[in-house]
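Undergrad: Show me how the following folds:
(one chain, ligands or ions: 1)
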Amino acid sequence: KISGPLSGKKLIVSAGPTYEAIDPVRFIGNHSSGKMGYAIAEEALKNGAEVILVSGPVHIKPPIGVQLIKVTSAVEMYDAVHSYIGDMDIAVMSAAVADYRPSAPADEKIKKKGDSIQFEMVPNPDILKSIGLNKKPNQFIVGFALETENELENAKSKLIKKNLDLIVLNSLKDKGAGFGGDTNQVKLIEPNNKVTSIQLKSKQEIAADIISKIIELID
Ligand code: PMT
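TA: The predicted structure is shown next:
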């Protein structure tokens, strides 16, 4: 076990995409690779935290020493996060969770017929909002925001609406930021509106900066 500024703290991270079933062979998903969240889990471990990593379907290896909980859908991720959150000091929700899911996934593979296909989508529960609004006095909750327009404004509004202690904004407009790659570029926004801009660097280095900011703010 590593000792560090987060020794004795329990931290939960969500990472990766969610897959929302259409039928037994098809789903609605997104391009999240899990790299950002897995890097955060590793940096938290390096700083002494006990880490639970709730991960959607990804193709990367978890850092040695985390407790890995594998999930597929947003509802499963919601249930997994909620079963541990009561015991956590810090939560970092970096997963790219689907906002909607097909209302009634088919039991059998949907056959090709006709020129178009329609299915109804219903909203998924918002994991981050739920843990933010039910936050315990000593819990520190970090969200992410992935935006394509009015970035700062939208991220600040998520920070307030979801009762967060910090939000990490990445914009798909920034080259080398966001899904898939090994780099990111983010802004860390605090409830007092302080914004720390972190230039393009590896997701591992960004993760280290996010963990340092959390350590600074919980002190
Ligand atoms: O996995 P990588 O390929 O490394 O890419 C990293 C990333 C781009 C996925 C990551 O850096 C990131 O931005 N994650 C959040 C993506 C996202 O879904 O953003 P959002 O603005 O839609 O959601 C806002 C926040 O609410 C996020 O913390 C999200 O985890 C959370 N959320 C959203 C919907 C929902 N139903 N439940 C949630 O908890």
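
Undergrad: Where is the longest helix in the protein?
TA: What stands out as the longest helix in the chain, according to DSSP state H, is helix 203-218.

Undergrad: how close does the residue nearest to Lys136 when sequence neighbours are not counted sit to Lys10?
TA: Sequence neighbours aside, Gly86 is the residue nearest to Lys136 in space, at 7.9 Å (criterion: CB to CB, 6 or more residues apart in numbering). All C-beta spots, glycine's among them, are computed from the backbone N, C-alpha and C. Gly86 sits 10 Å away from Lys10, going by CB to CB, to the nearest Å.

Undergrad: The two - which one has more neighbours?
TA: Lys10 (18 against 10; other CB atoms under 10 Å).

Undergrad: and the more buried one, bridged to which residues?
TA: Glu50 (DSSP bridges).

Undergrad: Residue numbers of this protein in contact with the ligand?
TA: For the chain, the residues in contact with the ligand under the definition CB under 6 Å from any ligand atom are 14, 16, 32-36, 74, 93-97, 99, 124, 126-128, 143-146, 158, 170, 178-180, 203.

Undergrad: where do the strands sit along the chain?
TA: 10-15, 20-23, 26-28, 50-55, 67-70, 90-93, 100-102, 121-123, 140-147, 166-171, 183-189, 195-202 (DSSP state E).

Undergrad: so the first one versus strand 50-55, what angle?
TA: So that's strand 10-15. Put simply, strand 10-15 runs at 20 degrees to strand 50-55, going by axes from the mean of the first three to the mean of the last three CA atoms, to 10 degrees.
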